[in-house]
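Engineer: I'd like to go over a predicted model; first the sequence, then the structure.
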Amino acid sequence: MVEYTLSLDSIFSSLADPIRRDILKRVTERELNISDIAMPYPISLAAISKHLKILERAQLIIKRKQGKEQFVTISPVALKHAGDYIDQYASLWDERFDRLESLLKKGEK
């Protein structure tokens, strides 16, 4: 349980930053090298590297080397953990909204 919670903490804190979310979105579409990832952002390559380390630590991305270049792609396992966690609460709130709707309909009669 503790390990699962630490994993979720790492995932959600990684996703809290808009640049990291954008990087994740872009590597979901296709594998990118570090230079391609850094290109659209007005920050240093060192800052991009820090963002990538955070995403990698949260297991949201996978890095691989090919020669001197590093390529980054998404690792869907961590996103599945986060999605499963959110789904638990989504079903809970769906039930509550259904009950509220039922009570409101009874009150209209």
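Structural biologist: Yes, it's here. Numbers count the residues shown, from 1 in each chain.

Engineer: in stretch 14-28, which residues are buried?
Structural biologist: Residues of stretch 14-28 classed as buried by neighbour count (16 or more other CB atoms under 10 Å): 14-15, 20, 23-24, 27. Placement of C-beta: from N, CA and C, glycine included.

Engineer: low-confidence stretches in the chain?
Structural biologist: 1-6, 109 (pLDDT under 70).

Engineer: would you map the helices across it?
Structural biologist: With DSSP state H as the criterion, the chain has helices at 2-15, 18-29, 34-38, 45-57, 76-108.

Engineer: can I get those helices in JSON lines including distance to residue 66?
Structural biologist: Shown next, in JSON lines, are the helices of the chain (distance: least, CB to CB, whole Å):
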{"stretch": "helix 2-15", "distance to residue 66": "25"}
{"stretch": "helix 18-29", "distance to residue 66": "15"}
{"stretch": "helix 34-38", "distance to residue 66": "12"}
{"stretch": "helix 45-57", "distance to residue 66": "16"}
{"stretch": "helix 76-108", "distance to residue 66": "21"}
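
Engineer: for residue 68, find the nearest of those helices.
Structural biologist: Ranking the helices of the chain by proximity to residue 68 (CB to CB) places helix 34-38 first, at 10.5 Å.

Engineer: list the buried residues in that closest one.
Structural biologist: Across helix 34-38, burial judged by 16+ other CB under 10 Å covers 34, 37-38.

Engineer: with stretch 32-48 instead?
Structural biologist: Counting neighbours by 16+ other CB under 10 Å, stretch 32-48 gives 32, 34, 37-38, 48 as buried.

Engineer: centroid residue for this structure?
Structural biologist: residue 15 (4.9 Å; CA atoms, centre = their mean).
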